[in-house]
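Q: Dropping the sequence and predicted coords here.
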Number of protein chains: 2
Amino acid sequence: MSETFAVPTRCGKCDGCAIHHRAICIGAMPQEIAELNRISHLRDYARGQVILGQGEETSIVGNVVSGVVKLMTSTIGGQQQIVGLLFPSDFFGRIFRDMSRFSYEAATDVTLCCMNRPAFETFLSSHPQVERELLRSKLDELDSAREWISVVGGHTTMQRVATFIYILSRRAGNRKYSDGTSRGPIISVPINRRDMAAYLGTTPETLSRNIHALSRRKVLRIIDARHFELLNEAELMRQAGWSREDLENITTFGI
Amino acid sequence: MSETFAVPTRCGKCDGCAIHHRAICIGAMPQEIAELNRISHLRDYARGQVILGQGEETSIVGNVVSGVVKLMTSTIGGQQQIVGLLFPSDFFGRIFRDMSRFSYEAATDVTLCCMNRPAFETFLSSHPQVERELLRSKLDELDSAREWISVVGGHTTMQRVATFIYILSRRAGNRKYSDGTSRGPIISVPINRRDMAAYLGTTPETLSRNIHALSRRKVLRIIDARHFELLNEAELMRQAGWSREDLENITTFGI
DNA sequence: CGCTCATTTGACAGAAATCAAAAGCGGTGG
DNA sequence: CCACCGCTTTTGATTTCTGTCAAATGAGCG
């Protein structure tokens, strides 16, 4: 893991931002964008760095610009449980509360658009449209979190694994086709097996067995631990235990 | 199950409302309360009645006044998974979206303070303080949902059962001491075993075995299926796999 | 009392965690 | 370039736990 430390950098213009059309900015007028621009700055974190610790003061909030952030709890035995993954355009941090109940850590190298929390809260007060947009997105997140509860709470391990891989396959940037040597879309897994197992509520061993079972059944081809080629999407969905309609409704699954 | 149908009744005065000091009304000024009063009405549902179906148009929203509402998904096999429980003062329904991703059903006989969804959304637009209060409560719900993900995703069945019982023991009205014949607080379970199992991601059989295991270990005394006497809180917490500090932080667990 | 439904108990098969070890992979330094 | 080291991932063997099926018990009710 590279041990570079976070390097604060000034954001260029929000217009050039990769996620400005998806993040909270969509509720903002040009003048508001400029105001957000003033209180925000880009910051890079290396994989493994703690962005915000559990129980720490929540001084910054913002959006993921690139990379994946994991949201986790530390349990009594030091065992870590992942309760959510944040992808580009997702909001991180906790407004209206001094302490974070979770820790935010960089699952990959990430770039974040950071804002001072009190400054952002002040901004919200005077910009009801943006606040409403934030409320909408939090309501969606809440729905997604509950969908995930239904997955981890009521399904077999294979169903959870297949659901997770299916969701990964639908995320933007994960359906790149390779140079023609492969037939299916390439799924890239942004986190390691231990984190993936922690998110799916199982162990790395059981997870590995399930992935290889999918491989034996020709659902996917394992290129390496972080890359699969999807060979049979219909069968993947069947393994996930969802109907086609259900799955199409959960594009934004909160991960 | 009694098969009475929902009976619309006019709300008396919000002042006399059992939950007005806890529900979203706390962000509202007297004049706003009056306005809410105009668009809301009390409605009773018998246990088992569907308040809002999955995929149905979300025409009403509101607060639970008494009883317990379960939030559930129906999976492909007809199996039902409970993703949340709503207690008095909790908000139900889904604003800013036409279809509910979950169904809301009465787990017990319930009384709801109902409002027309569009009317409530219009009210929100002109009352930013209430909207902000709603945002705050949704952020808390989101934290709670994620805490629950960490429970169902990373713990054994016994840990989930113990966690749930511990949380029940902390809920207001659940720590009544009886007439002196008992030594510990009395925990009343508001839902039946099947719902409890569905919420904990297990089966009624396994749940029953775990509860009776706690009884054998003198952690609690089973008075009847819906009432336990808590004999050893420290051991219950140990079984739940949480540290004392962790547990004290999760009073409002989203259940 | 007899009915229905909820809960508990028992027996068993299957799934997953655990323990242990091997294989793969990336970096470092000789 | 290669050997070595630490880490991740995979595989194997075994034990434990949980779901399933089946049946008994218990509670509420007309």
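A: Here it is on my side, so go on. Numbering: from 1, shown residues only, chains lettered A, B, ... in the order given.
Q: Now A:Ala225: closest residue in space, sequence neighbours ignored.
A: Distance criterion CB to CB, 6 or more residues apart in numbering or on different chains; nearest residue to A:Ala225, sequence neighbours excluded, is A:Arg193 at 6.7 Å. Any C-beta I mention is one placed from the backbone N, CA and C, and that applies to glycine too.
Q: Could you pull up the contacting residues of the one you found?
A: When contacts are counted by CB atoms under 8 Å, 6 or more residues apart in numbering or on different chains, A:Arg193 touches A:204, A:207-208, A:225.
Q: which parts of the longest helix seen in chain A are buried?
A: When chain A is parsed with DSSP state H, its longest helix is helix A:128-154. Within helix A:128-154, the residues scored as buried using 16 or more other CB atoms under 10 Å in any protein chain shown are A:128, A:130-139, A:141-154.
Q: ditto for stretch A:93-103
A: So, applying 16+ other CB under 10 Å, buried residues of stretch A:93-103: A:93-95, A:100-103.
Q: Secondary structure and distance to chain B added to these, as JSON lines?
A: JSON lines is the format used below for the buried residues of stretch A:93-103 (DSSP: H, G, I helix; E, B strand; the rest coil; distance: CB to the nearest CB, whole Å):
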{"residue": "A:Gly93", "secondary structure": "coil", "distance to chain B": "11"}
{"residue": "A:Arg94", "secondary structure": "coil", "distance to chain B": "7"}
{"residue": "A:Ile95", "secondary structure": "coil", "distance to chain B": "7"}
{"residue": "A:Ser100", "secondary structure": "coil", "distance to chain B": "9"}
{"residue": "A:Arg101", "secondary structure": "coil", "distance to chain B": "5"}
{"residue": "A:Phe102", "secondary structure": "coil", "distance to chain B": "7"}
{"residue": "A:Ser103", "secondary structure": "strand", "distance to chain B": "12"}
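Q: What is the most widely separated pair among those?
A: Greatest spatial distance among those (CB to CB): A:Ile95 and A:Ser103, at 16.8 Å.
Q: What average pLDDT does stretch A:86-106 get?
A: For stretch A:86-106, mean pLDDT is 91.
Q: chain center to that stretch, what's the gap?
A: Counting by CA atoms, centre = their mean, to the nearest Å, stretch A:86-106 is centred 11 Å from the centre of its parent chain.
Q: ok, is that stretch in contact with DNA strand D or not?
A: No - judged by CB under 7 Å from any atom of the strand, stretch A:86-106 makes no contact with DNA strand D; its nearest approach is 13.1 Å.
Q: Which segments of chain A make up each domain?
A: Domain assignment of chain A by automatic domain parsing yields the ranges A:7-141, A:155-248.
Q: Flag every residue of chain A that's near DNA strand D.
A: Taking CB under 7 Å from any atom of the strand, the part of chain A that reaches DNA strand D is made up of A:192-194, A:204-205, A:207-209, A:211-212, A:222, A:225-226.
Q: ok now do the one residue sitting closest to the centre of chain A, which residues does it touch?
A: Central residue of chain A (CA atoms, centre = their mean): A:Leu86, 2.3 Å from the mean position. Neighbouring residues of A:Leu86 by CB under 8 Å, 6+ apart: A:64, A:68-71, A:92, A:104.
Q: Could I get the buried residue list for stretch A:208-219?
A: Neighbour count says stretch A:208-219 has A:210-211, A:214, A:219 buried, by 16+ other CB under 10 Å.
Q: which residues in the stretch 151-255 of chain A form helices?
A: Shown for the stretch 151-255 of chain A, the helices assigned by DSSP state H, counting those that start in this stretch span residues A:157-170, A:193-200, A:204-216, A:233-240, A:244-248.
Q: Is it possible to get TSV of those that adds mean pLDDT?
A: As requested, these are exported to TSV (pLDDT from 0 to 100):
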stretch	mean pLDDT
helix A:157-170	92
helix A:193-200	93
helix A:204-216	96
helix A:233-240	90
helix A:244-248	56
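Q: Nearest to DNA strand C among the buried residues of stretch A:208-219?
A: Closest to DNA strand C out of the buried residues of stretch A:208-219 is A:Asn210 (7.0 Å), distances taken as CB to the nearest atom of the strand.
Q: Look up the closest residue to the closest one, ignoring the ones flanking it.
A: In space, A:Asn210 comes closest to A:Val161 once its chain neighbours are excluded; the distance is 4.5 Å by CB to CB, 6+ apart.
Q: residues contacting the one you found?
A: Residues in contact with A:Val161, defined by CB under 8 Å, 6+ apart, are A:200, A:202, A:207, A:210-211, A:214.
Q: tell me the phi and psi of the residue nearest to the centre of chain A?
A: For A:Leu86, the backbone dihedrals (degrees, to the nearest 10) come out as phi -110, psi 130.
Q: now swap in the one 4 residues further on and tell me
A: With angles defined as degrees, to the nearest 10, A:Asp90 shows backbone torsions of phi -70, psi 150.
Q: thought A:Arg43 was touching A:Thr111?
A: Yes - using CB atoms under 8 Å, A:Arg43 is in contact with A:Thr111, at 7.2 Å.
Q: What parts of the stretch 51-200 of chain A come near chain B?
A: Taking CB under 8 Å from any CB of the partner chain as the contact definition, the stretch 51-200 of chain A meets chain B at A:71, A:73, A:75-77, A:79, A:81-84, A:94-97, A:101-102, A:128, A:131-132, A:134-136, A:138-139, A:141-143, A:145-150, A:152-155, A:198-200.
Q: Tell me the first helix or strand C-terminal of the worst-scoring helix or strand of chain A on mean pLDDT.
A: Every helix and strand in chain A was compared by mean pLDDT, DSSP states H and E; the lowest is strand A:7-9, with a mean of 44. The helix or strand immediately downstream of strand A:7-9 is helix A:30-39, counting by DSSP states H and E.
Q: Hey, what's the angle from that next one to helix A:128-154? Just curious.
A: Put simply, helix A:30-39 runs at 70 degrees to helix A:128-154, going by axes from the mean of the first three to the mean of the last three CA atoms, to 10 degrees.
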